[in-house]
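# with the sequence up front, the predicted model follows.
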Amino acid sequence: MKPADLVGRVLGPVHVAFAVLAFGAFGATGLYMDRVLDHLRDMDLGVRMVYRSRHIYILMAALIHGGVGAYYRPVARLVWLQWIGSTLLIAATVGLLAAFVVDPNLPESRSPFSQLSIYGLAAGTALHLAAGLWSRRMDG
């Protein structure tokens, strides 16, 4: 089996696994905000917004992984593009988990983890979209 075939077979299940993990993290961050942070009551409005937005970003990552995992189809000549897209999506998801922990404690308007991670989600999704469209064109 060629390395491209192996990578192609692994990427779909990896995205499904990351979707499950990210949905779990979404639930865990929701519970954390509810139980530990008293549902964000009496919290500075800016910090409250940061927690809630990072919580929703984690859901966004889970949904993207779920969509890619459900519809992933390896394309032999484009598996390198799919691999780069998947790597960006995985790294961005980890970055969003870090953003939930780090960003609320940073000075106002500083959110390097979430900013880079959202760009990573966009780029990774765009690469998977390009590979899918390009493969349709190659097929006929």
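Perfect, thanks for sending it.
# below-threshold pLDDT in this protein: ranges please.
1, 3-4, 140 (pLDDT under 70).
# which residue ranges of the protein form helices?
For the chain, the helices defined by DSSP state H cover 3-31, 45-71, 79-102, 112-139.
# would you tell me which one of these is buried the most?
Highest mean neighbour count among these (mean count of other C-beta atoms under 10 Å): helix 79-102, with a mean of 20. For the C-beta atoms, the positions are set from N, CA and C on the backbone; glycine is no exception.
# and it, what does it pack onto?
helix 3-31, helix 45-71, helix 112-139 (3 or more C-beta pairs under 8 Å, 6 or more residues apart in numbering; DSSP states H and E).
# I'd like the ones you listed written out as TSV, with distance to residue 84 added.
Putting these into TSV (distance: least, C-beta to C-beta, whole Å) gives the following:
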stretch	distance to residue 84
helix 3-31	11
helix 45-71	13
helix 112-139	6
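# for stretch 103-116, give me every contacting residue.
Applying C-beta atoms under 8 Å, 6 or more residues apart in numbering, the external contacts of stretch 103-116 come out as 46-47, 50-51, 53-54, 57, 92, 95-96, 98-99, 102.
# ah, wrong one, I meant stretch 69-89
4-5, 7-9, 11-19, 61, 64-65, 68, 120-121, 123-128, 130-132, 134-135, 138.
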